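A.B. asks: one predicted model, sequence on top.
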Amino acid sequence: MPLVIYTVLRLLLFAVALGVGYLVGLRSWLLLLVAIVVAFGVAYLVLTKQKDAAARWLAERAERRRAGQEGLDRVIDEDAAAEDSAVDEASRTDGPNRNLGPQ
């Protein structure tokens, strides 16, 4: 959620910079360029708490995903081991001349 708040605030800063630039008389690509630079600078100076909160939220989310992926990898490894042992057991009981289905 902090990421959404930070993004909305940055977009709001861009919209304000765009509006002020338009009122000042900037037009075309120069208006966009100035609005982007001004919004970036103001966000860098003013939104530090929101940026840090968003960064913490993203780091926690990445850690949760990493932990979930490790659990998934473990389940996949256990499943592969069970499948391998079942195939090995079947090959021992059937022998080398087992029926592999229609040829």
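C.D. replies: On my side now, so go ahead.
A.B. asks: going by C-alpha atoms from here, please, whenever you check contacts or count neighbours.
C.D. replies: Will do.
A.B. asks: check what pLDDT residue 101 gets.
C.D. replies: According to the model's per-residue confidence, residue 101 sits at a pLDDT of 54.
A.B. asks: same question, residue 90
C.D. replies: 79.
A.B. asks: residue closest to the middle of the protein?
C.D. replies: Closest to where the C-alpha atoms of the chain average out (C-alpha atoms, centre = their mean) is residue 62, at 7.7 Å.
A.B. asks: tell me which helix or strand that one sits in.
C.D. replies: Taking DSSP states H and E as the criterion, the element that holds residue 62 is helix 48-94.
A.B. asks: output the contacting helices and strands for that helix.
C.D. replies: Helix 48-94 is packed against helix 2-24, with contacts defined by 3 or more C-alpha pairs under 8 Å, 6 or more residues apart in numbering; DSSP states H and E.
A.B. asks: just the buried positions in the helix it packs on, please.
C.D. replies: Residues of helix 2-24 classed as buried: 2, 3, 6, 9, 10, 11, 13, 14, 17, 18, 21 (neighbour count, 16 or more other C-alpha atoms under 10 Å).
A.B. asks: got the residues you listed as TSV, with distance to residue 44 columns?
C.D. replies: Putting the buried residues of helix 2-24 into TSV (distance: C-alpha to C-alpha, whole Å) gives the following:
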residue	distance to residue 44
2	16
3	15
6	11
9	12
10	10
11	13
13	11
14	12
17	14
18	17
21	19
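A.B. asks: for the residues you listed, which one is nearest residue 91?
C.D. replies: Nearest to residue 91 among these is residue 3, at 54.6 Å by C-alpha to C-alpha.
A.B. asks: re earlier: OK, contacts around the residue nearest to the centre of the chain?
C.D. replies: With contact taken as C-alpha atoms under 8 Å, 6 or more residues apart in numbering, residue 62 is in contact with no other residue.
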